[in-house]
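*Asks:* Build the 3D model from these lines:
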Amino acid sequence: MSVKIKSVATVTPQYYKETAEILPFVETWLADQDERLRRKTIKIFEGAAVDKRYSIMDPIEVFTRTSFEDRNEIYRREVVPLARRAVEKALVKASWNAQDLDYIITVSCTGIMIPSIDAYLINELDMRQDIVRLPVTEMGCVAGISGLIYADNFLRANPNKKAAVVAIEAPTATFQLNDYSMANMVSAAIFGDGCACVLLSSNQNETGPTIKGHEMYHFPDATHMMGFDVVNSGLKMVLDKEVPETIASHFPAIIHPFLKKHGLEIADVDHLIFHPGGKKIVQTVEALFSELGKNIDDTKEVLRLYGNMSSATVLFVLDRFMNREDVAKGDLGLMLSFGPGFTAQRILLEW
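*Replies:* Model prediction:
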């Protein structure tokens, strides 16, 4: 039994700003702060390798003092229509109907909704009453790949079934106006909002890249490295400055044993589909892959054009490979992402 990725669709919210257009808002926000902090923050924005980003909120709203409830209400109001657009776009690409779906997985960590987003999508898109739901939260950036892995496990056990994985994130809704920590500054400089939908099938007659294998890699005693603290004003970013170095120290153990289980070496992999966590992480991983003769150009381009959209980001990179004409039948692709836990997730694809 093999599972194929049938289609990938990405959508962005209505608000859009180039980084240069955001800087005046940052200057106003930090007007009462120390000059050194202001200069350092502007430098972080200018050097983040993010040229532009999309948002569910107007920048004026982002830099306005509001409550956790108000921000989460904006998240709740905006994510369902955005997710619906992504699912509809993916269904059109696949020539499927919403009623064809047997399984829906929604992934998000930047807002809180009960019922979760999938329940609204089932109603709005008139999906079947027996569709199986799985909302995935609290896994951060790694959850886009986690959703694909959960879908693959379901589909491998159930022939001729179809699944949708919807990753939707709005990090701008988590921005903390009273937090002048470097974690909040870096987060504000690199994150953007976006949504992706991936459709998968266990029907052997479907076309698309095949999932050949997947694995999770857990970093012991590293829960402090990344995540959110829940505070009165919302979700406060936790981001340890040692993340890039920690990834580098574990990198050989993450890559080589996984490929060896499939009888492969990194030289056999044609395409790297890596989550762009931020400039330092991208530079670290780029240097490690460069030593192995590989590039992560598509990863860097997604970071430049959209910023880090948490779980949705690696699916934006996957979408670029799905649309590339130079990806040939038989090519191998390695998907890789990191997230709170601390955790790495990998998927091996064959076109």
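
*Asks:* Would you work out how far apart the start and end of stretch 115-133 are?
*Replies:* Start-to-end span of stretch 115-133 (Cα to Cα, to the nearest Å) is 11 Å.

*Asks:* roughly how far is that stretch from the heart of the chain?
*Replies:* 22 Å (Cα atoms, centre = their mean, to the nearest Å).

*Asks:* And stretch 294-311, by the same measure?
*Replies:* On Cα atoms, centre = their mean, the centre of stretch 294-311 falls 10 Å from that of its chain.

*Asks:* Can I get stretch 245-257 in PDB, CA atoms only?
*Replies:* The C-alpha atoms that make up stretch 245-257 are tabulated as PDB, following Å, rounded to 0.1, in the frame of the first residue of the first chain:
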ATOM      1  CA  GLU A 245      23.600  25.300  17.100                       C
ATOM      2  CA  THR A 246      21.400  22.600  18.700                       C
ATOM      3  CA  ILE A 247      20.000  21.600  15.300                       C
ATOM      4  CA  ALA A 248      23.600  21.500  13.900                       C
ATOM      5  CA  SER A 249      24.800  19.200  16.700                       C
ATOM      6  CA  HIS A 250      22.000  16.700  16.000                       C
ATOM      7  CA  PHE A 251      22.000  17.100  12.200                       C
ATOM      8  CA  PRO A 252      23.900  13.900  11.200                       C
ATOM      9  CA  ALA A 253      21.800  11.800  13.500                       C
ATOM     10  CA  ILE A 254      18.600  13.300  12.000                       C
ATOM     11  CA  ILE A 255      19.600  12.800   8.400                       C
ATOM     12  CA  HIS A 256      21.800   9.800   7.800                       C
ATOM     13  CA  PRO A 257      20.200   7.000   9.900                       C
END
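
*Asks:* Let me know the average pLDDT across it.
*Replies:* If you average the pLDDT over stretch 245-257, you get 90.

*Asks:* in that stretch, what's buried?
*Replies:* For stretch 245-257, the neighbour count (16 or more other Cβ atoms under 10 Å) marks 246, 247, 250, 251, 254, 255 as buried. C-beta here means a position set from N, CA and C on the backbone, and glycine is covered the same way.

*Asks:* Stretch 120-129 too?
*Replies:* 120, 121, 122, 125, 127.

*Asks:* cool, stretch 142-155 as well?
*Replies:* Across stretch 142-155, burial judged by 16+ other Cβ under 10 Å covers 142-152, 154-155.

*Asks:* Between those, which sits nearest residue 334?
*Replies:* The closest of those to residue 334 turns out to be residue 145 (Cβ to Cβ; 10.9 Å).

*Asks:* Show me the contact partners of the helix or strand hosting the closest one.
*Replies:* Using DSSP states H and E, residue 145 falls within helix 143-157. Contacts to helix 143-157, defined as Cβ atoms under 8 Å, 6 or more residues apart in numbering, come from residues 1, 3, 5, 103, 105, 107, 109, 132, 134, 136-137, 139, 161-163, 165-167, 196, 198, 200-202, 211, 214, 216, 275, 310-315, 335-337, 339, 345-347.

*Asks:* How is this protein divided into domains?
*Replies:* 3-202, 210-350 (the TED database).

*Asks:* quick check, distance from the last one to the centre of its chain.
*Replies:* Computed by Cα atoms, centre = their mean, the chain-centroid distance of domain 210-350 equals 10 Å.

*Asks:* what residue lies at the spatial centre of this structure?
*Replies:* residue 311 (2.2 Å; Cα atoms, centre = their mean).

*Asks:* from what I can see it touches residue 105, true?
*Replies:* No. Using Cβ atoms under 8 Å, residue 311 is not in contact with residue 105; the gap is 10.9 Å.

*Asks:* where does the stretch 51-200 of the chain have low pLDDT?
*Replies:* Judged by pLDDT under 70, the stretch 51-200 of the chain has no weakly predicted residues.

*Asks:* hang on, the earlier thing: looking at the contacts of helix 143-157, which are in helices?
*Replies:* Residues of the contacts of helix 143-157 located in helices (DSSP state H): 313, 314, 315.

*Asks:* which of those lies closest to residue 43?
*Replies:* Distances from residue 43 to these, taken by Cβ to Cβ, are shortest for residue 313, at 23.3 Å.

*Asks:* From residue 84, how far off is the residue nearest to that closest one when sequence neighbours are not counted?
*Replies:* Once flanking residues are discounted, residue 313 sits nearest to residue 275: 5.4 Å by Cβ to Cβ, 6 or more residues apart in numbering. Counting by Cβ to Cβ, to the nearest Å, the gap from residue 275 to residue 84 is 24 Å.

*Asks:* which of those two has more neighbours?
*Replies:* residue 275 (32 against 20; other Cβ atoms under 10 Å).

*Asks:* Quick check: residue 179 touching residue 238?
*Replies:* No. Applying Cβ under 8 Å as the test, residue 179 and residue 238 come out as separate, 10.9 Å apart.
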